[in-house]
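K.L.:
what shape does this take:
(one chain, ligands or ions: 1)
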Amino acid sequence: MTASATLPDTAYAVTLERVTKTYGPVTALDNVSWAFPRGSFTAIMGASGSGKSTFLHCASGLDRPTSGTVHLGATELGRLRETQLTRLRRDRIGFVFQGYNLVPTMNVRRNVTLPMFLGGKKPDGRWFDEVVHRVGIAERLGHRPDQLSGGQQQRVAVARALVTRPEIVFADEPTAALDPNTAAHVLRLLREAADRTGQTVVLVTHDPAAAAFADSVVFLSAGRIVDELVAPTSATVLKRWETL
Ligand SMILES: Nc1ncnc2c1ncn2[C@@H]1O[C@H](COP(=O)(O)OP(=O)(O)OP(=O)(O)O)[C@@H](O)[C@H]1O
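P.N.:
This is a model prediction of the structure:
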């Protein structure tokens with residue numbers, strides 16, 4: 001079985017075409033099409049329940065759409081078997097999700113390097129040092145998650161997502177538990193991931209200041225994309241948000 005179909009344009013890291021996701025009677029995503037250019041940083045905003053997490057889960061292959069297709073580059077996710085999908089997620093995607101998903105029995109160093117270990121990759125020591133310093137967990141490498149605050153655990157999750165330099169980073173409210181200073185550090189790291197290494201960043205946030213780090217903001221309402229704001233500022237995001 002061939003695992004990929006060729007799209008006309010693979011300048012896009014992720015492409016959703018007419019994606020619908022229903023949960024029983026609830027339509028969480030309603031016929032959504034969108035393409036994320038490689039190296040772009042996009043924020044997804046919308047009211048609670050508008051479908052942001054569902055969008056992220058479908059776009060990243062964590063969940064399968066009820067209908068429609070999702071491509072990562074030229075690879076159509078719907079054609080992959082579970083094991084292939086798991087490998088693709090591990091090798092090409094970095095996740096920062098609500099709830100952190102840290103392994104409770106492993107210390108911070110092992111949690112951060114886990115994706116590399118699982119992928120059989122050799123850790124890049126310099127990059128590891130830089131990432132743990134920049135997210136402010138360098139002094140905590142020997143601690144277990146239950147010895148850290150919520151914000152510190154969130155930073156470990158961010159470091160874990162960035163340390164493999166994945167092609168795409170999906171982040172669901174990665175700065176929600178952080179103080180403004182640390183949040184800005186994390187957002188700058190994500191910005192640089194797009195600018196310096198051409199990684200594609202998709203960030204779900206409720207925070208206009210966080211969205212202002214992105215190249216564009218996509219607004220969701222009732223499972224549909226209702227607007228895009230290019231070159232956002234906190235003020236323009238807030239203004240658009242108020243009329244959503
Ligand atoms: N596993 C599920 N089972 C049933 N309904 C679900 C499930 N996941 C999401 N939904 C429903 O789909 C809709 C969209 O949910 P989703 O979590 O994507 O929204 P969201 O915009 O991320 O919300 P929030 O900002 O509150 O996290 C909601 O009505 C939600 O109740």
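K.L.:
quick check: buried residues in stretch 182-200?
P.N.:
Residues of stretch 182-200 classed as buried by neighbour count (16 or more other CB atoms under 10 Å): 182-183, 185-187, 189-190, 193-194, 199-200. Yep, even glycine has a C-beta here, placed from its N, CA and C like the rest.
K.L.:
now swap in stretch 76-86 and tell me
P.N.:
For stretch 76-86, by 16+ other CB under 10 Å, it's 76-77, 80, 85.
K.L.:
what does stretch 164-173 give?
P.N.:
So for stretch 164-173, counting by 16+ other CB under 10 Å, buried means 164-173.
K.L.:
take the residues you listed and keep only those in strands.
P.N.:
168-172 (DSSP state E).
K.L.:
the ligand next: which of these are close?
P.N.:
The subset of these lying close to the ligand, counting by CB under 6 Å from any ligand atom, is empty.
K.L.:
from the ligand, how far out is Asp30?
P.N.:
10 Å (CB to the nearest ligand atom, to the nearest Å).
K.L.:
contact residues of the protein facing the ligand?
P.N.:
Residues of the chain lying near the ligand (CB under 6 Å from any ligand atom): 23, 26, 28, 46, 48-54.
K.L.:
one more time with 8 Å
P.N.:
Selection of the chain residues close to the ligand by CB under 8 Å from any ligand atom yields 21, 23-24, 26-29, 46-57, 98, 172-173, 204, 206, 220, 223.
K.L.:
now Val14, nearest residue through space, not along the chain?
P.N.:
With sequence-adjacent residues excluded and distances taken as CB to CB, 6 or more residues apart in numbering, Val14 is closest to Phe36, at 4.5 Å.
K.L.:
contacting residues for that neighbour?
P.N.:
By CB atoms under 8 Å, 6 or more residues apart in numbering, the contact list for Phe36 reads 12-15, 42, 59, 168, 200, 202.
K.L.:
let's see it at 7 Å
P.N.:
Phe36 sits next to 12-14, 42, 200, 202 when contact means CB atoms under 7 Å, 6 or more residues apart in numbering.
K.L.:
counting only strands, which of those make the cut?
P.N.:
Short answer: the contacts of Phe36 in strands (DSSP E) are 12-14, 42, 200, 202.
K.L.:
and Thr54, how far from Leu80?
P.N.:
According to CB to CB, to the nearest Å, Thr54 stands 19 Å off from Leu80.
K.L.:
wait, I meant Val103
P.N.:
Taken as CB to CB, the span from Val103 to Leu80 is 25 Å.
K.L.:
for the chain, what spans make up the helices?
P.N.:
Remark: helices assigned in the chain by DSSP state H are 52-59, 82-92, 108-119, 125-134, 150-162, 180-197, 208-211, 234-242.
K.L.:
enumerate every residue touching Ala183.
P.N.:
175, 210.
K.L.:
kind regards, and thank you for your time.
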